[in-house]
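Visitor: Output the structure for:
(2 chains)
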Amino acid sequence: GQQLNQSPQSMFIQEGEDVSMNCTSSSIFNTWLWYKQDPGEGPVLLIALYKAGELTSNGRLTAQFGITRKDSFLNISASIPSDVGIYFCAGLGNEKLTFGTGTRLTIIP
Amino acid sequence: GAVVSQHPSWVICKSGTSVKIECRSLDFQATTMFWYRQFPKQSLMLMATSNEGSKATYEQGVEKDKFLINHASLTLSTLTVTSAHPEDSSFYICSARDLAAYTFGSGTRLTVV
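Guide: Residues are numbered from 1 along each chain as shown, chains lettered A, B, ... in the order given. Below is the predicted model of the structure:
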């Protein structure tokens, strides 16, 4: 099945640093979602974007829906240890979610 | 907020046996649920869409006779992996749609030995 391309694939940062990741697609989506998955758990919704150009924040997280509707990015400011995990973007089309390849975030002590 | 419960969280079964996984929407009704499979260090891949009161819709390449889906009520969908083999070992995750939100269960780790 189709997957969305996420970059970077993995990130190693120090606590307190800002993080930026993005997601691109060859297809247009009308809704973009960002999820976080902890080991052995299901994904948990972080931010939902419904309109091209929309910029939405949820605490230290900020996400934007690209103007072309083919991309989105997620920023995390002032990272903390509990930010560790895998971040997935997902595009909603035909009432089904297509997931990105994931970005694994690791915080170096 | 919407809560989706998945059971069991892990299961080990012998090759050739069948395993049933349950997905329940606890505080909302879900006419549509989704089943995903996730291999280690990979993304979630949609297997099928479970529709209450009708047949499931399977994604290309997913064997409908091997992965039986039943969505008999507005709060319960089940996935049965029939005649399981070691290559079916994976993390299975369900999702339910509540209006515009897609909420996921906590997943089931299946190990076939």
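Visitor: Give me the nearest residue to the residue nearest to the spatial centre of chain B, chain neighbours excluded.
Guide: By C-alpha atoms, centre = their mean, chain B has its centre lying nearest to residue B:35, at 3.9 Å. In space, and not counting its chain neighbours, residue B:35 is closest to residue B:47: 4.7 Å by C-beta to C-beta, 6 or more residues apart in numbering or on different chains. Every residue, glycine included, has its C-beta placed from N, CA and C.
Visitor: gap between the one you found and residue A:81?
Guide: The spacing between residue B:47 and residue A:81, counted by C-beta to C-beta, to the nearest Å, is 34 Å.
Visitor: cool, and residue B:51?
Guide: From residue B:51 to residue A:81 the distance is 41 Å (C-beta to C-beta).
Visitor: between those two, who's got more neighbours?
Guide: residue B:51 (15 against 8; other C-beta atoms under 10 Å in any protein chain shown).
Visitor: The residue nearest to residue B:35 is in contact with residue B:21, isn't it?
Guide: No. Assessed by C-beta atoms under 8 Å, residue B:47 is found out of contact with residue B:21, at 11.4 Å.
Visitor: Show the model's pLDDT score for residue B:51.
Guide: pLDDT, residue B:51: 89.
Visitor: contacting residues around residue B:8?
Guide: B:21, B:108 (C-beta atoms under 8 Å, 6 or more residues apart in numbering or on different chains).
Visitor: how close does the nearest residue to residue B:57 once chain neighbours are set aside get to residue B:35?
Guide: Nearest-residue entry for residue B:57: residue B:49, 4.5 Å, with adjacent residues in sequence omitted and distances by C-beta to C-beta, 6+ apart. Distance, residue B:49 to residue B:35, by C-beta to C-beta: 8 Å.
Visitor: How many neighbouring residues does residue 101 have?
Guide: I'll assume chain A. 16.
Visitor: wrong one, I was asking about chain B
Guide: 13.
Visitor: Around chain B, which positions in chain A sit nearby?
Guide: A:1, A:3, A:31, A:33, A:35, A:40-45, A:48, A:88, A:92, A:95-102 (C-beta under 8 Å from any C-beta of the partner chain).
Visitor: quick one: pLDDT of the residue of chain A found nearest chain B?
Guide: Nearest to chain B, among the residues of chain A, is residue A:42, at 3.6 Å (C-beta to the nearest C-beta). For residue A:42, the pLDDT comes out at 96.
Visitor: Give me the next element, helix or strand, following the top strand by length along chain A.
Guide: When chain A is parsed with DSSP state E, its longest strand is strand A:85-93. Using DSSP states H and E, the helix or strand that follows strand A:85-93 towards the C-terminus is strand A:96-99.
Visitor: Could you give the separation of that following strand from the chain centroid?
Guide: 13 Å (C-alpha atoms, centre = their mean, to the nearest Å).
Visitor: Could you do stretch B:73-86 as well?
Guide: On C-alpha atoms, centre = their mean, the centre of stretch B:73-86 falls 6 Å from the chain's centre.
Visitor: Check chain B for the residue nearest chain A and tell me.
Guide: Going by C-beta to the nearest C-beta, chain A is nearest to residue B:104 of chain B, at 3.6 Å.
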